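In: Any chance you could fold what I've pasted below:
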Amino acid sequence: MHFWRKLSIQRKLVLSMTSCLLVFVAISSVLSVRLIGSAVRERVVHDELPTALNSIRADVQRQLAGPVAASRLLAGDAFLLQWEAEGEPDAGTRNWVRLAENVKVAQKAASVQWVSTASGNYFTEAGLQRKLGDGDRWLSAFLASGKPFEVNMDRDVTLGGYMMFINARVERDGNPIGAAGMSLSVDALARNIAAYRIGETGFAYLVRPDGAIMMHRDTALIDGKHFMKDEPGLPGDASAVLLAGKPYAYVSYAGQDGARFIATSFIPEVNAYVVVQAPEAELLGPVTRAIRNATLVATVAGLGVALAVILLVGRAIAAPLRRAATLLAEIASGQGDLTRRMTVESQDEIGQLSDAFNRFVSSLSTLVHRVRAASASIATGSSQIATGNADLSARTEGQSSNLERTASSMEEITAVVKNNTETARTAARMVNGASETAVRGGQVVGEVVSTMEQISNASIRISEIIGLIDSISFQTNILALNAAVEAARAGEQGRGFAVVAAEVRSLAQRSAQAAKEIKVLIEHSAGTVSVGSRLVGEAGEVIRDVVSQVQGVSALMNEIADASLEQSAGIDQIGDAVQSLDQMTQQNAALVEQSAAAAESLNQQAAELSRLMAAFKVDG
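Out: Presented below is the predicted three-dimensional model:
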């Protein structure tokens, strides 16, 4: 960073623009190579590989078209159908041999065969070869599939070795009766497929739907035990993509010699897939190298031209800036000539900078004029401020003395109000105590009234009980009279009973008399209790009135105490305000002194400013 600050603007422009150009070229080159490489890859994947596969596929179909057509014609031959219908007699074998020989020579086949489902006979151009056994399930599977023909590669039991078998369906009245066809040597087809080259080392081969290799340039792999999935580096799920029965499918994978392409195309006529493999580097490498070389040449040429342009532009930009820096340095030295101007040579940013510099110098010249005039005004104003500060200082000192006396008076008022507040609090506590005592007295009177009411209720109950005793005495007296009457009737025998009846009657009368006396006493006591209850109730009302009045007085005393507290707080605030005002007055006095000193300093600085402004040379 220190090195960068030392560089001139021209060098900074050259370095910055060159760096940006290098970054741009690098990014654009990388993107170009990647994009073009991706396009080339897409062309290889979607054009070249499908073209190669279609070419091989068309060649295979072309080579098999004649044998397939001949096999289907053989399956519809009238002699063959008639011979099968007659049970394949020996007399017709010679005709079959002659027919098979003609087909074999015409198609250059390794063998021509006919198989009957009825007899199980397997005929070739040499005659009857064998009977179908349990291992010959291919015939029933083919006929059950309903296909008109099929092409398979399998080991020929008669000739030995692997052959390409073409079997055509033979029918009578829509029912399958056998298969006719031929077997072809795979050598010629294998040589044709092996002759294909994809890139330098890429090659082609055929596989079955299960991935087993049918034809390969390496004939050792055509044994039914080698599969496409055994290819080194091929992912395990690649077979599901490549052997999905599609006209075209491809996978890119990491092989032993680097990234590779593998693509397949299904050939329904032979029920097999044609496969091509090639390294990516062989297909993409030449184009990628050409692109990189072209990009490098273009980059070097572009950088050379751009660097020359950058140098010229940097010099054109830096020269006016250098002149402006020189003029500004002269102005900054304190001896600047504000009458000098820059020449405006263009309308671009440099010309705008020169014009702005000229306007800046003109504005600075005008500013110097104004500063000189303002310096004189500041000197005059500072003298007037000093005089005013002296008068303000005297008045501030008088105000401070008055505030000190006011603060003393507020302290005395505060003490008196606090004393009143404490007295009001004491009276409020006493009134609250009396209120609580009156309340407890009212509660006691209430309990007495309740007790008197209970006594009155008990007296009423006793009166009822005495009435009951009086009733019992009356009935006892009647019973005694009845007993005496009965005793008189009994005569001498009832005399003793008459004496007892007389005694009972006497007791009953005395009981009745005593009950009447007790009733009179109870009624008198009940009247007395009722009067006492009424008097106690009146006393309770009086006590409640006293409690209510005491509570009212207590509330008034609490309000007086609260008002005294608020008044005390207000007086405290006034005292604080007076003290604060006193402090502010003292601070104002100090500020006045500082202002006087500042005015004096301002006057001196105005003189110094005038001296400095006199150093600039201005217009007028």
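In: Just the pLDDT at Ala85, thanks.
Out: Ala85 is assigned 91 on the pLDDT scale.
In: and it, what is it in contact with?
Out: With CB atoms under 8 Å, 6 or more residues apart in numbering as the criterion, the residues that contact Ala85 are Arg172. From N, CA and C alone the C-beta is placed, and that goes for glycine too.
In: do the same with the one 10 residues further on
Out: Applying CB under 8 Å, 6+ apart, one finds that Asn95 lies in contact with Phe79, Trp83.
In: Output the helix or strand where it lies as PDB, nothing but the C-alphas.
Out: For Asn95, the enclosing helix or strand under DSSP states H and E is helix 93-107. Presented in PDB, the C-alpha positions along helix 93-107 are these (Å, rounded to 0.1, in the frame of the first residue of the first chain):
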ATOM      1  CA  THR A  93     -35.000 -85.100 -48.300                       C
ATOM      2  CA  ARG A  94     -33.100 -84.800 -51.600                       C
ATOM      3  CA  ASN A  95     -35.200 -81.900 -52.600                       C
ATOM      4  CA  TRP A  96     -34.600 -80.200 -49.200                       C
ATOM      5  CA  VAL A  97     -30.900 -80.700 -49.500                       C
ATOM      6  CA  ARG A  98     -30.900 -79.100 -53.000                       C
ATOM      7  CA  LEU A  99     -33.000 -76.200 -51.800                       C
ATOM      8  CA  ALA A 100     -30.800 -75.600 -48.700                       C
ATOM      9  CA  GLU A 101     -27.600 -75.800 -50.800                       C
ATOM     10  CA  ASN A 102     -28.900 -73.100 -53.100                       C
ATOM     11  CA  VAL A 103     -29.800 -70.800 -50.200                       C
ATOM     12  CA  LYS A 104     -26.500 -71.400 -48.600                       C
ATOM     13  CA  VAL A 105     -24.500 -70.500 -51.700                       C
ATOM     14  CA  ALA A 106     -26.700 -67.500 -52.400                       C
ATOM     15  CA  GLN A 107     -26.300 -66.100 -48.900                       C
END
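In: What residues sit buried inside that helix?
Out: Buried residues in helix 93-107, counted by 16 or more other CB atoms under 10 Å: Trp96, Val97, Leu99, Ala100, Val103, Lys104, Gln107.
In: Let me see the contact set for the second one.
Out: Spelled out, it's Val97. Residues touching Val97, when contacts are defined by CB under 8 Å, 6+ apart, comprise Glu125, Ala126, Gly127.
In: how near is the first one to Gln256?
Out: Same thing as Glu125. For Glu125, the distance to Gln256 under the criterion CB to CB, to the nearest Å works out to 46 Å.
In: more crowded one of these two?
Out: Between Glu125 and Gln256, counted using other CB atoms under 10 Å, the more crowded position is Glu125 (22 against 8).
In: Can you give me the separation between the spatially closest residue to that one that is not a sequence neighbour and Asp576?
Out: Leaving aside its sequence neighbours, Glu125 sits nearest to Ala100 (CB to CB, 6 or more residues apart in numbering; 3.6 Å). Ala100 sits 135 Å away from Asp576 when distances are taken as CB to CB.
In: Likewise for Gly245?
Out: The separation that Gly245 has from Asp576, given CB to CB, amounts to 101 Å.
In: One more: Glu608?
Out: On the measure of CB to CB, Glu608 and Asp576 end up 46 Å apart.
In: what's the span of stretch 108-124 from first residue to last?
Out: According to CA to CA, to the nearest Å, stretch 108-124 extends 15 Å from its N-terminal end residue to its C-terminal end residue.
In: buried ones in it?
Out: Residues of stretch 108-124 classed as buried by neighbour count (16+ other CB under 10 Å): 109-117, 121-124.
In: Kindly report the domain assignment for the chain.
Out: The chain breaks down by automatic domain parsing into domains covering 39-283, 407-613.
In: TSV please, covering those domains and showing distance to Thr299.
Out: What follows is those, written out as TSV (distance: least, CB to CB, whole Å):
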stretch	distance to Thr299
domain 39-283	20
domain 407-613	58
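In: Comparing the ones you listed by mean pLDDT, which bottoms out?
Out: Across those, domain 407-613 has the smallest mean pLDDT, namely a mean of 75.
In: Which pLDDT value goes with Glu368?
Out: Not quite, residue 368 is Val, not Glu. The predicted local confidence for Val368 comes out at a pLDDT of 67.
In: quick one, strands of the stretch 151-300 of the chain?
Out: With DSSP state E, counting those that start in this stretch, the ranges of strands along the stretch 151-300 of the chain come out as 162-172, 175-185, 203-207, 213-215, 249-255, 258-267, 272-279.
In: who wins for proximity to Arg425 among these?
Out: Each of these was checked against Arg425 via CB to CB, and the shortest separation belongs to strand 249-255, namely 99.0 Å.
In: And the closest one, what does it pack against?
Out: helix 238-242, strand 258-267 (3 or more CB pairs under 8 Å, 6 or more residues apart in numbering; DSSP states H and E).
In: Just the residues contacting that strand, thanks.
Out: 45, 49, 231-235, 238, 241-242, 259-265, 279-280.
In: Not counting residues beside it along the chain, what's closest to Pro176?
Out: Distances taken as CB to CB, 6+ apart place Leu143 nearest to Pro176, at 4.3 Å, with adjacent residues excluded.
In: Apologies, that question was intended for Gly202.
Out: With CB to CB, 6+ apart as the measure, Ala278 is the residue that lies nearest to Gly202, at 2.7 Å, once sequence neighbours are left out.
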